[in-house]
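Student: Quick check, what structure comes out for this input:
(2 chains)
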Amino acid sequence: MPNTGQTAPKQRHWFKLDNAATIFPGQNTQRWSNIFRFSVVLDREVKPDLLERALEETLARFPCFDVRIRRGFFWYYFEKNGAAAPPVMPDIKNPCYRIRFNENRRFLFRVYYRHNRISVDFYHALCDGYGASRFICTLAARYLNLDGIHTGAGGAVLDTASQASEGEMEDSFERYASSKAKLRRFNGFAYHAKGTRLPHHTLHLTTGFMPLDRVSAVAKSSGVTITEYTAAVLLDIMLRKQALEQRKTKRVSIQIPVNLRNHFPSQTLRNFVLCMNIGIDPMLGDYTFEEILRAVKLGVRTENDPKRLNALMSANRRLQTNPLMRALPLALKKAGIGVHFRISGEQSTSVLLTNFGKVELPAGMRGHVESLIFASGPGILNGARWGAVSCGNVFALTCSNVYRETDIEKAVFTHFIRAGVPVRVESNKN
Amino acid sequence: MSYCVECGVELENGAASCPLCDTPVVNPRSPQPDGGAAARRAYSGEVVLPAGIRRRYVAFLISVSLAIPNIICVIANLLYPDTGVWALYAVSSSTLAWVLFVQPFFWKKVNPYFLLALDTVAVTLYIYIFFVVKGETAWFYRTAVPLVAVLAVCLAAFVFWFRLEKRDWPRIVIAVLSLTCVYSACAGIILHTYLGKKPVAAVSLIVCLSCAVMIGFFAYVTRNKRFRAWLSRRFFV
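Tutor: Next up, the predicted model:
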């Protein structure tokens, strides 16, 4: 497929981390990295040798994934990896465990397979969900091609015969951040559900598969989108959980990442996402579910505004381009980011929900993909983080929970069942 | 295909219990999860734990960094012997720092009593070097050795108590304060005996009284849950 109006890429041996990615290496600790997982469930058993070949060919099409992260004096940067593709491994019980830059042939993603599922754990500095979906769908398509199925390209599948465009590798924050407005960034401390921590590097990953049309009908009957509906369900559960606990009453808020490509045209496969924070203060009184729905709907529509988003990304960009900040050695920057993340990172959000939306696949591939699964990695303070993605008529909602207790997952899925949506559950528990 | 009778969700084939509520699955058509279905589960049972911190490597780097200036000091001191044995101070101080802070990272798993004994010997030897250089006799055997020995016994008692079971932080503070009392009393007695005075616990009495007040406060914190909740609410960071 020819590149649509995009310039051919220069041979880049190194490039800077994008604006959003700069914070992720600073947040890295021995126990935690910002990792998320995208999986594609096929209609056939995955053969590892074919998957390896597919990965090699796919990686050649995605130069921004064929990188390793290096430490400069002032900033981290990406350097062309050049090694053979990362090994394809049988899937494990504890996905999304922390990444170390010198493991896995220094690639920043790990590829797994189990039965009919291909999964990739991505380090967030590399890409956001959009880039990840393009990568894994192209990988799955290439796998099917090697298995004798003609899938074609289109939608989330890129043509492996074409070259990556310059636009796919750009830092779109740099292009679009232009606002001079200043918005308040910290929304105050929020409630965090507590529980018995699972051992480090382990988590409960529970996916609920639901018919998309039924979920959509339930959300529509309330006059909201699926994201808003799910966010309201989560906020409602958190509010009720907080009321049961005898702790200081705090604001309950949900963090929802926004794909900036919806507002600012971009083809980048790297990070181009910002988070909005929708909160409810229980000190104002008791909220019914309908009131929460209304609050979330209003909140999302206020926050999801290109001007506000531009102001937020411009503030982040200003921080990156500040001469004083630039002159700080990396070690100091990293320490600063670590401290800032501890103080304000997850402190202002009770729960995270990433709804990736519907992924379109080429017609030749649709019959061979049963579903997609998107899992946000586990949080530090936010015990349970949620990810959702739709493909065909399957809406997959996944919870990554670092606590032994699964009461939040149970409350969410039983809510959907009570609303008339059948839920099939898969989990790594037991 | 089974459903959870508690949650109503459809469960994957071979599930022994509901992942949401742990309700056991009893399906008359499939009495027990058979091996084939269990093997088809969505996730394998294999847990991959990432490699730990390369502590030994870091400890080795620190050791080399410590060794280089010490070697230079020794060579310089040998070249200029008229300047005294000043390199001895530098080398002994570095060695003590290495034993206390770097050497524990070379062990994969080490008995804390062994480390404590090693540290005690290192501290005693460090003091002994000054004693030898100064040429004085009495203070080392009559004050330094007993003080270090009592401190080692107190620390060993703390480690023993700490390893018995997991303690919450107010109890740990109480234990530390109690040992501070004991140590200050012993130190008072040792110093007074050395100075040839009556072993009156004047200074240690002040320490013990201050500690006793704090012990009382923390004991109250441990017992009174409401007060503890109020404290965490008031002083949360």
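Student: so where's the longest helix in chain B?
Tutor: helix B:169-195 (DSSP state H).
Student: for it, packing partners?
Tutor: Secondary-structure packing of helix B:169-195 (3 or more C-beta pairs under 8 Å, 6 or more residues apart in numbering or on different chains; DSSP states H and E): helix B:145-164, helix B:202-223. C-beta here means a position set from N, CA and C on the backbone, and glycine is covered the same way.
Student: So for that helix, mean pLDDT?
Tutor: Averaged across helix B:169-195, the pLDDT comes to 89.
Student: What are the buried residues along that helix?
Tutor: For helix B:169-195, the neighbour count (16 or more other C-beta atoms under 10 Å in any protein chain shown) marks B:170-171, B:173-175, B:177-192, B:194 as buried.
Student: Measure how far that helix is from the centre of its chain, please.
Tutor: In this view, helix B:169-195 has its centroid 19 Å away from the chain centroid, taken as C-alpha atoms, centre = their mean, to the nearest Å.
Student: now that helix against helix B:202-223, angle please.
Tutor: 170 degrees (axes from the mean of the first three to the mean of the last three C-alpha atoms, to 10 degrees).
Student: Lowest mean pLDDT across the helices and strands packed on helix B:169-195, which one is that?
Tutor: helix B:202-223 (a mean of 87).
Student: Just the C-alpha atoms of that helix, please, in PDB.
Tutor: Taking C-alpha atoms only, helix B:202-223 is exported to PDB below (Å, rounded to 0.1, in the frame of the first residue of the first chain):
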ATOM      1  CA  ALA B 202      22.100  10.600  86.100                       C
ATOM      2  CA  VAL B 203      22.300  11.000  82.400                       C
ATOM      3  CA  SER B 204      20.700   7.700  81.600                       C
ATOM      4  CA  LEU B 205      17.900   8.600  83.900                       C
ATOM      5  CA  ILE B 206      17.000  11.500  81.700                       C
ATOM      6  CA  VAL B 207      17.200   9.300  78.600                       C
ATOM      7  CA  CYS B 208      15.100   6.600  80.300                       C
ATOM      8  CA  LEU B 209      12.400   9.000  81.400                       C
ATOM      9  CA  SER B 210      12.100  10.600  78.000                       C
ATOM     10  CA  CYS B 211      11.900   7.100  76.400                       C
ATOM     11  CA  ALA B 212       9.400   6.000  79.000                       C
ATOM     12  CA  VAL B 213       7.000   8.900  78.100                       C
ATOM     13  CA  MET B 214       7.300   8.000  74.400                       C
ATOM     14  CA  ILE B 215       6.800   4.300  75.100                       C
ATOM     15  CA  GLY B 216       3.600   5.200  77.000                       C
ATOM     16  CA  PHE B 217       2.400   7.300  74.100                       C
ATOM     17  CA  PHE B 218       3.100   4.500  71.500                       C
ATOM     18  CA  ALA B 219       1.600   1.900  73.800                       C
ATOM     19  CA  TYR B 220      -1.600   3.900  73.800                       C
ATOM     20  CA  VAL B 221      -1.400   4.200  70.000                       C
ATOM     21  CA  THR B 222      -1.100   0.500  69.700                       C
ATOM     22  CA  ARG B 223      -4.000  -0.300  71.900                       C
END
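Student: Show residues contacting the next helix-or-strand element following that helix.
Tutor: Tracing the chain C-terminally past helix B:202-223 and defining elements by DSSP states H and E, one meets helix B:225-234 next. Contacts with helix B:225-234, where a contact means C-beta atoms under 8 Å, 6 or more residues apart in numbering or on different chains, come from A:246-248, B:170, B:220-222.
Student: In PyMOL, how would I select just the buried ones from those?
Tutor: In PyMOL, this line selects whichever of these come out buried by 16+ other C-beta under 10 Å:
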select buried, chain B and resi 170+221+222
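Student: the helices in the stretch 201-350 of chain A, which residues?
Tutor: Assigned by DSSP state H, counting those that start in this stretch, the helices in the stretch 201-350 of chain A fall at A:212-221, A:226-244, A:289-303, A:306-321, A:323-327, A:330-340.
Student: Now do B:Ser198 against A:Thr398, distance only.
Tutor: Ser isn't right for residue B:198; it's Lys. Distance, B:Lys198 to A:Thr398, by C-beta to C-beta, to the nearest Å: 74 Å.
Student: pLDDT score for the residue of chain B most remote from its centre?
Tutor: The C-alpha centroid of chain B is most remote from B:Arg29, which lies 55.3 Å away (C-alpha atoms, centre = their mean). B:Arg29 is assigned a predicted lDDT (pLDDT) of 70.
Student: In the stretch 201-350 of chain A, what residue comes closest to chain B?
Tutor: Going by C-beta to the nearest C-beta, chain B is nearest to A:Lys248 of the stretch 201-350 of chain A, at 4.9 Å.
Student: From B:Leu231, how far off is that residue?
Tutor: 12 Å.
Student: do you know how far A:Ser33 is from A:His200?
Tutor: 12 Å.
Student: Compare the two (neighbour count), which wins?
Tutor: A:Ser33 (23 against 15; other C-beta atoms under 10 Å in any protein chain shown).
Student: Quick check: the more buried one touching A:Ile99?
Tutor: Yes - A:Ser33 is in contact with A:Ile99 according to C-beta atoms under 8 Å; the separation is 4.5 Å.
Student: Residues that sit against both of those two, list them.
Tutor: A:Tyr123.
Student: Against which helices or strands is the host helix or strand of B:Leu125 packed?
Tutor: If you go by DSSP H and E, B:Leu125 is part of helix B:112-134. Helix B:112-134 is packed against helix B:86-97, helix B:145-164, with contacts defined by 3+ C-beta pairs under 8 Å, 6+ apart.
Student: which of the residues in the first one are buried?
Tutor: Under the neighbour-count criterion of 16+ other C-beta under 10 Å, helix B:86-97 has B:87-88, B:90-92, B:94-96 buried.
Student: Which members of these are the farthest-apart pair?
Tutor: Across those, no pair lies farther apart than B:Ala87 and B:Leu96, at 14.7 Å, counting by C-beta to C-beta.
Student: Just give me the neighbour total for A:Leu146.
Tutor: 15.
Student: Is it in contact with A:Val46, as I believe?
Tutor: No - applying C-beta under 8 Å as the test, A:Leu146 and A:Val46 come out as separate, 11.3 Å apart.
Student: Of the helices and strands packed on helix B:169-195, which is nearest chain A?
Tutor: helix B:202-223 (17.2 Å).
Student: Hey, what's the angle from whichever strand or helix holds B:Ile68 to helix B:86-97? Just curious.
Tutor: Using DSSP H and E, the element containing B:Ile68 is helix B:55-79. Angle between the axes of helix B:55-79 and helix B:86-97 is 170 degrees (criterion: the same axes, to 10 degrees).
Student: what helices or strands is helix B:55-79 leaning on?
Tutor: Contacts defined by 3+ C-beta pairs under 8 Å, 6+ apart place helix B:55-79 against helix B:86-97.
Student: From the rest of the structure, what touches the helix it packs on?
Tutor: B:66, B:69-70, B:73-74, B:76-78, B:122-123, B:125-126, B:129, B:133.
Student: 6 Å instead?
Tutor: B:66, B:70, B:73-74, B:77, B:122, B:126, B:129 (C-beta atoms under 6 Å, 6 or more residues apart in numbering or on different chains).
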